[in-house]
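1. Kindly return the folded structure for what I paste below:
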Amino acid sequence: MNWKTKAFIQNFVAYLPQKISYEAYFQMQRYFGGFKKPFNPLNKFEKSVDVLKKILNYGYTIDGKIFLEVGTGHAPIFPIAFWLCGAEKTVTIDLNPYIRNELIMDMLFFVKTESLKIETVFGNLLNQERFNLLLDYSRRNKIDKNNFLKLCRIEYIAPGDAAKTNLPKNSINYHISNTVYEHIPLNIVHNILEEGNRIISKEGLFINNIDYSDHFAHMDKNIPAINFLQFDDKTWEKYAGNRYMYMNRARHDDFVELFTNVGHDFLEIKPCKNEEVLNILENNKITLDNKFRNKSNEILSITGASFITQKKE
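-> The predicted model follows:
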């Protein structure tokens, strides 16, 4: 689908009354987007295991720990993974109440039919007793969302505000997000991280994966990953200024500055440099908006990064 067509549809759906809008957007995704059957959560399970391995690599533990996830999405894959590996609890917060029984059922069907793949992904991190509980649950013909979340020790807050969690001070161990912060205005991300500083325990970790690319390019292969850097703010707002596709267009240096400003030490930064984008920039195949022309090609060619940070003592 052409990205402008998708933008038009998303804007139209976003203007509908909220309840109707959520349902319409889900059905679009169900039949034409990322939630088409068969729903495959394996990639997200792999990413969640990567997060857990990073925690272990820095000498920390998972068993009995409390996670906070910013941005749940339509199925709580990361919190389920954390529980399967021994977490005490995951608090997951989303601005929109997206979790759907249908996708939980699809996820459970995948677990039931592809249990060996799941076990391979988790390896020796997997708590077999908990995995058996999940397998038992997957054999049910019908599920209750709240009962399922209780089983997996997930506290789901939606609609919620990760900048105002109302959680006690020093009450969580790990503050996690996966491709979420690019969808939030930077000043609000700042507030979320400040709140994270309040609620995280001493020596707790912040682990964030951020996708700087134009998300329309994930679907429309005729545009580059920096297509959206051509537009001024007003024009871009017309395309993607809605709850389903908002992108702040912040670049790698902006996020480095943001983590610095909230008082974090960097334990690890892994930028993902896109050689195709670098070629486009060096050969002037795209005209950047004035907002981005003062940034180096080196920075603009970074289309994603993972950060592990820790608040300074």
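
2. low pLDDT regions in the chain?
-> Low-confidence segments of the chain, defined by pLDDT under 70, are located at 34-35, 37.

3. Tell me, domain by domain, which residues of it belong where.
-> 38-150, 161-212+250-313 (automatic domain parsing).

4. can you redo these as a markdown table with mean neighbour count and distance to Arg30?
-> C-beta here means a position set from N, CA and C on the backbone, and glycine is covered the same way. Output for these, formatted as a markdown table (neighbours: other CB atoms under 10 Å; distance: least, CB to CB, whole Å):
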| stretch | mean neighbour count | distance to Arg30 |
| --- | --- | --- |
| domain 38-150 | 17 | 8 |
| domain 161-212+250-313 | 17 | 20 |
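
5. and Ile223, which of these is closest to it?
-> With CB to CB as the criterion, Ile223 lies closest to domain 161-212+250-313 of the domains of the chain, at 9.8 Å.

6. Distance from that closest one to the middle of the chain?
-> 12 Å (CA atoms, centre = their mean, to the nearest Å).

7. coming back round to it: can you list the domains of the chain in a markdown table and add distance to Ala24?
-> Listed next are those as a markdown table, based on distance: least, CB to CB, whole Å:
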| stretch | distance to Ala24 |
| --- | --- |
| domain 38-150 | 13 |
| domain 161-212+250-313 | 19 |
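
8. Which among those is found nearest to Gly241?
-> Proximity to Gly241 (CB to CB) singles out domain 161-212+250-313 among the domains of the chain, at 11.0 Å.

9. Regarding this protein, what is its longest strand?
-> Ranked by residue count under DSSP state E, the longest strand found in the chain is strand 200-211.

10. ok, then the element right after that strand?
-> On the C-terminal side of strand 200-211, the closest following helix or strand by DSSP states H and E is helix 233-240.

11. Can you tell me what sits against that next one?
-> Surrounding helix 233-240, the residues in contact under the criterion CB atoms under 8 Å, 6 or more residues apart in numbering are Lys4, Ala7, Gln10, Asn11, Phe216, Phe228, Phe231, Met245, Tyr246, Met247, Arg249, Lys291.

12. make it 10 Å
-> 3-4, 6-8, 10-11, 183, 214-216, 228-231, 241, 245-247, 249, 289, 291 (CB atoms under 10 Å, 6 or more residues apart in numbering).
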